[in-house]
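Peer 1: The following block contains a protein sequence and its predicted model.
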Amino acid sequence: MKDDKRVVLERLENVRNYYNKFEDMLDDLPFFIPSSTKKMLKKHLGQDKELDELMNSISTQRPPRLLIAGEEGVGKSALVNAICGARVAPTADKTHKDIDVYACKKGGETELEVFETLPSGSEQKVTQIVNFKPDAGILLLDSTKRVDIDSQLRFFAELRNAFASRGLERLPVIVVIGKADDASEEDYEVLMNAGEEGRKVALTVDINRNHLRDAISHYRSGILAHGDVVDEIVAVSSLSLYNMSEFRKILENSMKDPDAQMGFRMTFRLSEVMASVANRIVKLFSGLAAVVALTPIPVADLYVLLILQSFMVGLIARLSGRDINIKTAFEFILSLGGVTAAGFALRTIAQQVSKLANLIPFAGSAISSTIAATGTTAIVKAAVAHFISDLPMRKTKSLFRHLKKSDK
């Protein structure tokens, strides 16, 4: 599946809409399902605050805003380009300005906004930054030089105070030590334009780790002298992209606004968003299956379990862009073969029904909650492998059997 943000947003919204229909589906369960069981399922469904927060933040996500401050020549614009993954800020023969504002865009949509400036200035500049409302502040330093950062840290302390005086969220501050490799920008540009081999060389520029350790040690002592102004310190290269993945994780984790945090994640770590939703669905419905198994309704528990499992498969399918109904989801569970989470042969049940809506409950002993939970987990993991990872059905069946065995 391609990491197209717009397509994924549509799929996640489809999942959200389908998920919100689940309470109505519980109300439509047959008369032999006690109302107390329906209420119990609704209660547990509404208690998954993590999934609710995740889905809400996906709907309300927005482009995050970053402040990048650093002295002239430290590579602020190069860092902007490295974060965005595109050349949005000029770096060669740039006319130095006190303030520049850039937007990372894709498909005409803004994905990230950056306020670039020198780490000093007037009260007017502080007001401009506060009005910009950055979600994180970055102080960029040069690993090839040793400078006094006292005044730069005072600038960020002043910003913190300005935020607090206006009742705004505390500004996270990350110190980034740049130019972690020995390549000059001109050399790097030549390599990047020299074809495939040149690009390979450009991306494997030697990193002098002893040099980096010395730079971090030097700056850390100055940072500690300013108390809690700085939250994180990380070394990167904007040219060879050294440590950029780790830097992005630090940036994301530092953001206090969940909408900005999700916006950042949707731009740079989209596959992880999909995995998070799938994992929450796994945990939610495995837990619901265990709860169903503990209810004293041995005549109806299997029916409810199959409804839960089929609905769960429908959610996973929607993550992959497939809009399947509950009957198709039930047929997918049947096609896995073996036994259901309840430990009963699905083929036996299937012979008794022609439609899921007319399924007659299987009489028998109550289901083990452990079997119900682990069996449901095996089904949803198989669904993730088939619908999201495009695993062929034959291999999906094999995976399901393996998961069932490993849970015994």
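Peer 2: Nice, thanks for sending it over. Numbers count the residues shown, from 1 in each chain.
Peer 1: how about the helices in the stretch 1-150 of the chain?
Peer 2: 5-20, 22-27, 35-46, 49-60, 76-84, 123-132, 150-165 (DSSP state H, counting those that start in this stretch).
Peer 1: Give me whichever of these is most buried.
Peer 2: helix 76-84 (a mean of 23; mean count of other C-beta atoms under 10 Å). From N, CA and C alone the C-beta is placed, and that goes for glycine too.
Peer 1: Output that helix in CSV with nothing but the alpha carbons.
Peer 2: Output of helix 76-84 as CSV, limited to C-alpha atoms (Å, rounded to 0.1, in the frame of the first residue of the first chain):
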residue,chain,number,x,y,z
LYS,A,76,19.2,26.5,9.1
SER,A,77,17.8,26.4,5.5
ALA,A,78,19.6,23.1,4.9
LEU,A,79,17.9,21.7,8.0
VAL,A,80,14.5,23.0,6.8
ASN,A,81,15.0,21.1,3.5
ALA,A,82,16.2,17.9,5.3
ILE,A,83,13.1,17.9,7.6
CYS,A,84,10.7,18.6,4.7
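Peer 1: got the contact list for it?
Peer 2: Outside helix 76-84, the residues within contact range by C-beta atoms under 8 Å, 6 or more residues apart in numbering are 66, 68-70, 87-91, 94, 100, 102, 104, 111-112, 114, 116, 138, 140, 176, 178, 185, 236, 238-239, 241, 244, 247-248, 251.
Peer 1: cool, stretch 105-117 as well?
Peer 2: Taking C-beta under 8 Å, 6+ apart as the rule, stretch 105-117 contacts 5-6, 63-69, 76-77, 80, 83-84, 88-89, 98-104, 125, 128-129, 132, 134, 263-264, 267.
Peer 1: Buried residues, that stretch. List them.
Peer 2: By neighbour count on 16 or more other C-beta atoms under 10 Å, the buried set for stretch 105-117 is E111, L112, E113, V114, F115, E116, T117.
Peer 1: Run through the residues that contact the spatially closest residue to T60 that is not a sequence neighbour.
Peer 2: The shortest distance from T60 to any non-neighbouring residue, by C-beta to C-beta, 6 or more residues apart in numbering, is to D259 (4.9 Å). Residues near D259 by C-beta under 8 Å, 6+ apart: S57, T60, Q61, R62.
Peer 1: Run through the stretch 151-300 of the chain and note the low-pLDDT ranges.
Peer 2: The model of the stretch 151-300 of the chain has pLDDT under 70 over residues 181-212, 293-300.
Peer 1: I'd say V130 and L159 touch.
Peer 2: Yes - assessed by C-beta atoms under 8 Å, V130 is found in contact with L159 at 7.5 Å.
Peer 1: Pipe the contacts of D259 into TSV and attach pLDDT and distance to S36 per row.
Peer 2: Listed next are the contacts of D259 as TSV, based on pLDDT from 0 to 100; distance: C-beta to C-beta, whole Å:
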residue	pLDDT	distance to S36
S57	74	33
T60	82	35
Q61	84	38
R62	90	42
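Peer 1: For those, could you give me a markdown table that also reports distance to G287?
Peer 2: Shown next, in a markdown table, are the contacts of D259 (distance: C-beta to C-beta, whole Å):
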| residue | distance to G287 |
| --- | --- |
| S57 | 22 |
| T60 | 26 |
| Q61 | 26 |
| R62 | 31 |
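Peer 1: between the residues you listed, which is nearest T376?
Peer 2: Comparing these against T376 with C-beta to C-beta places S57 closest, at 25.9 Å.
Peer 1: And F387, how close does it get to M393?
Peer 2: 11 Å (C-beta to C-beta, to the nearest Å).
Peer 1: how about V229, phi and psi?
Peer 2: The phi/psi pair for V229 (degrees, to the nearest 10) reads phi -70, psi -40.
Peer 1: how near is it to I174?
Peer 2: Between V229 and I174 the computed distance is 11 Å (C-beta to C-beta).
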